[in-house]
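A.B. asks: Pasting the sequence and the predicted coordinates here, then a few questions.
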Amino acid sequence: QVHVAESGGGLVQAGDSLRLSCAASERTFSPYDMGWFRQAPGKERQLVASITWNARTTYYSDSVKGRFTISRGNARNTVYLQMNSLKPEDTAVYYCAVLSGWPSSTYGEDYWGKGTLVTVSA
C-alpha cells in the first residue's frame, strides 16, 4: 500500500490561481509516474494531468491545457498542480494517484489520495 495525500484546495474566484500538492510514500518501485484527476458533482472522475517519474514527459487533458501545469518537487514522489485562470467548470474534488500505465491507468484505491476540494465561483 502507498499512502497518498493531497493538499491545497479551497474556494477561489474565476480567474484566480491555486496550487495543489501531493505526496506519496516510498516503496521499492518508487519514484512513480503520477497523475492528477478530478471529479465534478454528478460526473465521472477524469484525468487532468500526468507526469513521468523523471518529469521528462507530461500529459494534459484538453480542458486544462495551457492553464494548468504539473510538476515534480525536489522530494521523491511529490507532485504539484499549478492551476491558473480557473473557471467555474474547474470546480471538483481533485485527486492524486500513482499511475500503473501511461498516461491514465491506475492501481486500486490504495494508491489514491482522499482528494481536495476546489471550488471556483463565477
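C.D. replies: That came through fine. Residues are numbered from 1 along each chain as shown.

A.B. asks: C-alpha only now, for contacts and for neighbours.
C.D. replies: Fine.

A.B. asks: Ramachandran angles for residue 25?
C.D. replies: Residue 25 has phi and psi values of phi -70, psi 160 when expressed as degrees, to the nearest 10.

A.B. asks: quick one: contacts for it?
C.D. replies: Shown in contact with residue 25 (CA atoms under 8 Å, 6 or more residues apart in numbering): 2, 3, 4, 77.

A.B. asks: and of those residues, the nearest to residue 122?
C.D. replies: residue 4 (30.8 Å; CA to CA).

A.B. asks: partners of the closest one in the sheet?
C.D. replies: Beta-bridge partners of residue 4, counted by DSSP bridges, are residue 24.

A.B. asks: same thing with residue 80?
C.D. replies: For residue 80, the beta-bridge partners under DSSP bridges are residue 21, residue 71.

A.B. asks: okay but it is in contact with residue 18, surely?
C.D. replies: No: using CA atoms under 8 Å as the test, residue 80 is too far from residue 18 to be in contact (10.4 Å).

A.B. asks: returning to that earlier point: closest one of the contacts of residue 25 to residue 68?
C.D. replies: Nearest member of these to residue 68, counting by CA to CA, is residue 77, at 19.1 Å.

A.B. asks: what number of residues lie near the closest one?
C.D. replies: Residues near residue 77, counting by other CA atoms under 10 Å, number 20.
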